[in-house]
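> below are the sequence and a predicted model for it; my questions follow.
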Amino acid sequence: MKRIVRDFVTLFNMLWYRDFPVAVNVKEMGSRAEWTTHIGICVRSAADLMGYFTHFEAGNRTDAVIKNAQNKGIANVEWEWTQPHKSTFNELDKLRASRDLAVFSVLITYSRSDHHELNLERIRSAWSNCEEPLLLFLVCFDFSKGRQFSTLDTYLAQRGIVRKLRSQPALPWNLTGTRWALTTS
């Protein structure tokens, strides 16, 4: 895996907890718009720390394109509230079509625990013949009176193989030993 891809994985996963849109015991459920905004901020912040520029709604209406100072594509980024196994999910098609315009692609989406394997299979199938890497950030959840987030799982898809890179609690107050966890004691 290229250093640039590893760097984005690390930064996005760390920035996930920054300026979090919900708080334990105050507002434990966020709206779709709040999560969309949060993801956009995480993407822009990671790109900024890497010395790159983020262009939102760029190209063929890609959610974000990260570019270097020479205007070369570093990453095409899509995020979607809908799960990948749904027939209306077209983000994989958009990323696949533009994959030769960047070093790597990024998909940030959600995966209900009882649909998780279906979601991974859809991604594996869509990226089966692609040499270019796809970073996949899946916010895993159970459904009971809304989405109850459990983990943020990070995968790398390439050549039909989807490999898990890391998993972390999706909610900062479930991260043991941190200042965010103090509010739940």
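Arrived safely. Note that the coordinates shown come from a computational prediction; the quantities given were computed from them, not determined experimentally.
> number of residues surrounding Leu49?
14 (other CB atoms under 10 Å). C-beta coordinates here come from the backbone N, C-alpha and C atoms, glycine included.
> skipping its backbone neighbours, what lies nearest it in space?
Leu11 (5.6 Å; CB to CB, 6 or more residues apart in numbering).
> for Arg147, same thing?
Distances taken as CB to CB, 6+ apart place Phe141 nearest to Arg147, at 4.3 Å, with adjacent residues excluded.
> distance from the chain centre to the helix or strand hosting the residue nearest to Leu49, please.
In the assignment (DSSP states H and E), Leu11 maps to helix 3-15. Helix 3-15 sits 11 Å away from the centroid of its parent chain (CA atoms, centre = their mean, to the nearest Å).
> counting by contacts, list what the longest strand seen in the chain packs against.
Scanning the chain for the strand with the most residues, using DSSP state E, yields strand 147-158. Judged by 3 or more CB pairs under 8 Å, 6 or more residues apart in numbering; DSSP states H and E, the packing partners of strand 147-158 are helix 3-15, strand 104-112, helix 116-126, strand 134-143, strand 161-169.
> same thing but at 6 Å, please
Using 3 or more CB pairs under 6 Å, 6 or more residues apart in numbering; DSSP states H and E, the elements in contact with strand 147-158 are strand 134-143, strand 161-169.
> any regions of the chain where pLDDT drops low?
The chain contains residues with pLDDT under 70 at 23-29, 59-60, 183-185.
> so who does Gln158 touch?
Pro133 (CB atoms under 6 Å, 6 or more residues apart in numbering).
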